[in-house]
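Participant: Structural data only, the sequence is not supplied:
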């Protein structure tokens, strides 16, 4: 284009820097309307202006050749640099994937032995051999993915990647998107890994220019997208998605759409998740599309097009790193199942509930099961039928009476349910009390898991002498409760549920005993909760004991059998360097982790007399 000519199309960022704005000359209005119609996200902003999503623009750069005057297209400098970087990333991805498909070993630019010298003088934390290997591969990539199993130290690995990029002058700040439960891990690791810890802040209502590391949870992304875009654009940044499976829906989900919009603004992108493909190859596509938006996305799309996750994983292996469970070399965990028998009144109530649910019409029964209500009712009843009596407060502790009287055989069921604590103590409660008492005498702290908050509050009232800490979804002083459990020698028990404390927290330095009062069918969530006390950093020779309580003749047996099958399959996956389908700990498409086989097992239990 002659420098004296006016550009026929100017392309730049919008005010949020997550969209691209096209501006045409006055006589190019019709051309602009036809041109923008080629983009799925394209829309007019006025007679001479239109916009498209940044991610789609980068993915569809070749569409610019369809502008009626290609020589008259001019980019703003920032967008031009971003587009050129996207092309370079695409070429790098293509080269790696082609080499992998030819069976060639991709030669990494950085060797694991080089990693310590790249981290800068302020890095102080030790790294395992597999962490150095993973860091070297991620540094050899402009952007990358770490699919190592839970408990492998992915947070420290990511901070080391950041330290090396910062030392090389490639980035100056780090944005971490994570669940709130992971804030503590990032805060503690940042303080541990650097002699002079970077200024770390949790994102509030506006972007924080003084923060070097900024933490934000997935729920806030869409509301503060423009402020975060401004923060990312103010200086070269590394953007990390922790527990990245939370945006597995990609642009089809709220979290994913915000991540995809912000990702291109980061100089480097990294995703961390131990469950990268809970529902198959399409999940892998969404995650890696964040890492390589634009041209690189097409290479990923081709790899997963057939829907064969194992094949897609092998093809994409040059683009991610993965540490297996076996590589952690942890001391074995001793998991024991303790069967308890239901007392007479308890068994009567459980049988009555089971029969009542069985009498539902088939259509209603399937609908109930789909919603998870049948499972919830039976899980409650297997522990304590009195949980089904809501009372004035669903979190109110159930009464526990030292002196009990025999139950009247002719007592109506509803009254029996309401008065059950007067007659019997739940055998599961008894088992927990006994285990906590024995462990406390031996100087060992105990972590007790239950799905239901009322179990936690009831046990807390009964475990008073052991100064219990309690953490559930509405606990106002969660950090203080966890601190007490870790530091207070009198606090010998922590009561929590996997939905609240099942990920992002480490307790393995102070606790080596866990008891499960109940479990659902979500194998991934169960494994995540196990990792709270059995993870990297465990001292050699540490004995970790886990007790699973199963009430005989109840839904507990069905859950135990189904989880056993899932865990056998998942155990093979965790020691496989190739990503395979792995249950999502936050799966919300099937309530309580139920798959079709679980549903059939549940219905079979209902129909079995």
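Facilitator: Looks like it arrived, so ask away. None of the values given here were measured: they were computed from a predicted structure. Residues are numbered from 1 along each chain as shown.

Participant: Output the below-cut-off pLDDT ranges for the stretch 301-450 of the chain.
Facilitator: 307, 358-372, 390-393, 401-405, 407, 410 (pLDDT under 70).

Participant: What ranges does it have for its helices?
Facilitator: 309-316, 344-358, 362-371, 373-383, 413-423, 427-441 (DSSP state H, counting those that start in this stretch).

Participant: what's the most buried one of the ones you listed?
Facilitator: Greatest average neighbour count among these goes to helix 373-383 (a mean of 23), per mean count of other C-beta atoms under 10 Å. (Glycine included, C-beta is placed from N, CA and C.)

Participant: Next, report how far it is displaced from the centre of its chain.
Facilitator: Here the centre of helix 373-383 is set off from its chain's centre by 26 Å, with C-alpha atoms, centre = their mean, to the nearest Å.

Participant: Over to stretch 159-170?
Facilitator: On C-alpha atoms, centre = their mean, the centre of stretch 159-170 falls 25 Å from the chain's centre.

Participant: Pull the residues that contact it.
Facilitator: By C-beta atoms under 8 Å, 6 or more residues apart in numbering, the residues outside stretch 159-170 that reach it are 115, 118-120, 122-123, 125, 127, 131, 135, 138-139, 144, 171-172, 174, 189-190, 193-194, 236, 238, 240, 267-268, 270.

Participant: Just name the shakiest helix or strand of the chain by mean pLDDT.
Facilitator: Taking mean pLDDT, DSSP states H and E as the measure, the chain has helix 362-371 as its least confident helix or strand, at a mean of 52.

Participant: Where does residue 30 sit: helix, strand or coil?
Facilitator: Recorded secondary structure, residue 30: helix (DSSP: H, G, I helix; E, B strand; the rest coil).

Participant: show me what contacts it?
Facilitator: Residue 30 neighbours (C-beta under 8 Å, 6+ apart): none.

Participant: any idea how far it is from residue 64?
Facilitator: Using C-beta to C-beta, to the nearest Å, residue 30 is found at 18 Å from residue 64.

Participant: go on, residue 519?
Facilitator: Residue 519 is 55 Å from residue 64, by C-beta to C-beta.

Participant: cool, and residue 122?
Facilitator: For residue 122 relative to residue 64 (C-beta to C-beta), the value is 44 Å.

Participant: go on, residue 168?
Facilitator: Taking C-beta to C-beta, one finds residue 168 at 32 Å from residue 64.

Participant: swap in residue 120?
Facilitator: Going from residue 120 to residue 64 by C-beta to C-beta gives 40 Å.

Participant: Neighbour count: those two, which is higher?
Facilitator: Between residue 120 and residue 64, residue 64 has the larger neighbour count (other C-beta atoms under 10 Å), namely 16 against 13.

Participant: hey, what's the nearest residue to that one once chain neighbours are set aside bridged with?
Facilitator: Sequence neighbours aside, residue 73 is the residue nearest to residue 64 in space, at 6.0 Å (criterion: C-beta to C-beta, 6 or more residues apart in numbering). With DSSP bridges as the criterion, residue 73 is bridged to residue 9.

Participant: quick one: contacts for residue 73?
Facilitator: Residue 73 touches 7, 8, 9, 11, 64, 67, counting by C-beta under 8 Å, 6+ apart.

Participant: I'd like those as CSV, with distance to residue 383 appended.
Facilitator: Supplementary listing: the contacts of residue 73 in CSV, determined by distance: C-beta to C-beta, whole Å:
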residue, distance to residue 383
7, 71
8, 72
9, 67
11, 62
64, 63
67, 67
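
Participant: Give me the pLDDT for the residue most central in space within the chain.
Facilitator: The C-alpha lying nearest the average C-alpha coordinate of the chain belongs to residue 243 (C-alpha atoms, centre = their mean; 3.5 Å). Per-residue pLDDT puts residue 243 at 88.

Participant: Surely it and residue 183 touch.
Facilitator: No. Applying C-beta atoms under 8 Å, one finds residue 243 not in contact with residue 183, separated by 11.8 Å.

Participant: what's the spacing between residue 97 and residue 299?
Facilitator: In terms of C-beta to C-beta, residue 97 sits 6 Å off from residue 299.

Participant: oh sorry, the question was meant for residue 485
Facilitator: 47 Å.

Participant: more crowded one of the two?
Facilitator: Between residue 485 and residue 299, counted using other C-beta under 10 Å, residue 485 has the larger neighbour count: 25 against 19.

Participant: hang on, the more buried one in a strand?
Facilitator: No. Counting by three-state DSSP, residue 485 falls outside a strand, being helix.

Participant: want to try JSON lines for the contacts of residue 73, with pLDDT as columns?
Facilitator: Shown next, in JSON lines, are these (pLDDT from 0 to 100):
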{"residue": "7", "pLDDT": "90"}
{"residue": "8", "pLDDT": "92"}
{"residue": "9", "pLDDT": "93"}
{"residue": "11", "pLDDT": "94"}
{"residue": "64", "pLDDT": "92"}
{"residue": "67", "pLDDT": "93"}
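
Participant: Identify the farthest-apart pair in these.
Facilitator: Using C-beta to C-beta, those span at most 12.8 Å, a distance reached by 7 and 64.

Participant: excluding its backbone neighbours, what's nearest the residue nearest to the centre of the chain?
Facilitator: Per C-beta to C-beta, 6+ apart, closest to residue 243 is residue 179, 5.5 Å.

Participant: Flag every buried residue along stretch 459-475.
Facilitator: 459, 460, 462, 463, 466, 468, 469, 470, 471, 472, 475 (16 or more other C-beta atoms under 10 Å).

Participant: that older thread, hmm, which of the contacts of stretch 159-170 are the buried ones?
Facilitator: Buried among those (16+ other C-beta under 10 Å): 115, 118-119, 123, 125, 127, 131, 135, 138-139, 144, 171, 174, 189-190, 193-194, 236, 238, 240, 267-268, 270.

Participant: quick one: which of these sit in helices?
Facilitator: Of the positions in those, 115, 118, 131, 135, 138, 139, 189, 190, 193 sit in helices, assigned by DSSP state H.

Participant: which of these lies closest to residue 294?
Facilitator: residue 138 (19.8 Å).

Participant: which residues does the closest one contact?
Facilitator: 144, 146, 157, 161, 270, 321.

Participant: what would those look like in JSON lines with distance to residue 412?
Facilitator: Below are those laid out as JSON lines (distance: C-beta to C-beta, whole Å):
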{"residue": "144", "distance to residue 412": "63"}
{"residue": "146", "distance to residue 412": "58"}
{"residue": "157", "distance to residue 412": "60"}
{"residue": "161", "distance to residue 412": "64"}
{"residue": "270", "distance to residue 412": "61"}
{"residue": "321", "distance to residue 412": "62"}
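
Participant: What is the nearest of those residues to residue 444?
Facilitator: Of these, the one sitting nearest to residue 444 (C-beta to C-beta) turns out to be residue 157, at 30.8 Å.
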